[in-house]
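Participant: Structure for the following, please:
(one chain, ligands or ions: 1)
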Amino acid sequence: MPEVPAAVDADALIAIEEQWGARNYHPLDFVVERASGAWLFDVQGRKYLDFLSAYSAVNQGHRHPRILQALRDQAERVTLTSRAFRNDQLPLFCKELAELCRMEMVLPMNTGAEAVETAIKTARRWGHQKKQIPMDRAEIIVCQNNFHGRTTTITGFSSELAYRDGFGPFTPGFVPIPFGDLPALETALTPNTCGFLFEPIQCEAGILFPPRGFIGQAVELCRRNRVLAIADEIQTGLGRTGTLFECWSENTQPDIFVLGKALSGGFYPVSAVVSSAEILGVFEPGSHGSTYGGNPLACAVARAALAVTQEEGLVENSQRLGAWLLEELRAIRHPIIREVRGKGLLVGIDLAVPARPVCERLMEAGVLCKETHEHVIRLAPPLVISKDDLAWALERIVSVFSAI
Ligand SMILES: *Cc1c(COP(=O)(O)O)cnc(C)c1O
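Facilitator: From the prediction side, this is the model:
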């Protein structure tokens, strides 16, 4: 560890951030200086177990050596070509990701929100070209309490006031239904419906599960009505829930996967839309693009991140340790705990009181997590976490609750 700086440094940095940075976040008040695996270290040299994993972007653990090496090697060769020229990483990234997803084609972007936007454009154009939906009339069904990102179009179909307030006017063409409500989905379908966009588990809304069987039935209903089932697996995908993709836990293949976050193991923004050749075939040169999308550095990093996910047993670890964590947390009987729900290493502790003060106490005890939706504590450690580290955290979680 480097020289431990004075405690005042953290406060000074926080003050600078508050003055010079826009305040669109409310972070916990400690300042990270370095990280390794499941652990974070602050400027005062204190260590914490990371139970947020940057919203599941670091499923592979912080600074995974193999991904770090890929980043270094690629940065030594070429970082950005733009798509005006070909590069030697993009083809292999597309092939490897498509095969992993049991799909045929990949459209690479950078952030999750961009990939969602790309999926929206895909569905609309597909609806117009293949389903003869009149120009500019395509509808996409979305779920209440969704979180798909922060662009104006996406926040426009959010049901969360905080995401929308003051940002209109918004893009038309989105039809909300209650999450997990199959009859509502059926009722909302019209001849102009081109897509149904959903999260298999609503993470930002507080780790909300649809009724068992919903995903399979919804995808089937979409298929019968020639509507694209678009699974936003940006947070649930790549092992978080104990299967490679949450849709696969119901043996269901959507028409489109939207991926991001752990696709690059926390090193670099990489997102993608993954689908069939027929569906992604709606794009011709000039119809869509991104300067950084599919750049060689991003592709090399993502290829390493995918290899780590597959070859290092992360999915199995998530399933095995997640089941144990869930069981142990359910054994904590405490009057402020309403429910503990989860799948794999994605767990929500639903409280009868605001979650933020509990998260602050957990932070003081060395366990970092963030409230999601006022009353829910999300626990989502890197999937590389060891059972010993998980037990270390569990001990602290138990003692924080017993002190309340
Ligand atoms: C994080 C997230 C997004 C947005 O990704 P960004 O990279 O922050 O733009 C979209 N959908 C889901 C389900 C997410 O969790």
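Participant: Just the closest residue of this structure to the ligand, please.
Facilitator: Nearest residue of the chain to the ligand, counting by C-beta to the nearest ligand atom: G112, 2.1 Å away. Placement of C-beta: from N, CA and C, glycine included.
Participant: who in the chain is up against the ligand?
Facilitator: Selection of the chain residues close to the ligand by C-beta under 6 Å from any ligand atom yields 55, 111-113, 116, 147-149, 199, 203, 232, 234-235, 260-261.
Participant: dump the residue contacts of L314.
Facilitator: By C-beta atoms under 8 Å, 6 or more residues apart in numbering, the residues touching L314 are N59, Q60, G239, V308, L383, V384.
Participant: How much space separates it from D9?
Facilitator: Distance, L314 to D9, using C-beta to C-beta, to the nearest Å: 35 Å.
Participant: circling back to that earlier point, count of neighbours near the residue of the chain closest to the ligand?
Facilitator: Using other C-beta atoms under 10 Å, G112 is surrounded by 27 other residues.
Participant: correct me, but it touches T151?
Facilitator: No: contact status for G112 versus T151: not in contact, 10.3 Å apart, counting by C-beta atoms under 8 Å.
Participant: Helices along the stretch 151-300 of the chain, start to end?
Facilitator: Using DSSP state H, counting those that start in this stretch, the helices of the stretch 151-300 of the chain run over residues 152-156, 161-164, 182-188, 214-224, 277-280, 296-311.
Participant: tell me which residues of the fourth one are tucked away?
Facilitator: Under the neighbour-count criterion of 16 or more other C-beta atoms under 10 Å, helix 214-224 has F214, I215, Q217, A218, V219, L221, C222 buried.
Participant: low-scoring pLDDT stretches of the stretch 1-150 of the chain, where are they?
Facilitator: 1-8 (pLDDT under 70).
Participant: got the residue ranges for the helices in it?
Facilitator: Using DSSP H, counting those that start in this stretch, the helices of the stretch 1-150 of the chain run over 7-20, 53-56, 65-77, 90-100, 112-130.
Participant: Then the stretch 301-404 of the chain?
Facilitator: Applying DSSP H, counting those that start in this stretch to the stretch 301-404 of the chain gives helices spanning 314-330, 356-364, 387-402.
Participant: okay, those helices in a markdown table with mean pLDDT next?
Facilitator: Below are the helices of the stretch 301-404 of the chain laid out as a markdown table (pLDDT from 0 to 100):
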| stretch | mean pLDDT |
| --- | --- |
| helix 314-330 | 98 |
| helix 356-364 | 95 |
| helix 387-402 | 97 |
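Participant: about what we covered before: can you pick out the most distant pair from the buried residues of helix 214-224?
Facilitator: Using C-beta to C-beta, the pair of those lying farthest apart is F214 and C222, separated by 12.1 Å.
Participant: Show the contacting residues for the residue nearest to the spatial centre of the chain.
Facilitator: The chain has Q235 as the residue nearest its centroid, 2.1 Å off, counting by C-alpha atoms, centre = their mean. By C-beta under 8 Å, 6+ apart, the contact list for Q235 reads Y55, S56, E199, C203, E204, K261.
Participant: was I right about the first one contacting K261?
Facilitator: Yes: proximity of Y55 to K261 meets the contact threshold set by C-beta under 8 Å, at 6.5 Å.
Participant: which of the two has more neighbours?
Facilitator: K261 (26 against 19).
Participant: quick one, what contacts that one?
Facilitator: Per C-beta under 8 Å, 6+ apart, neighbours of K261: A54, Y55, S56, A57, N59, G112, I234, Q235, G237, L238, S271.
Participant: Same check on S158?
Facilitator: N146, F147, H148, R164.
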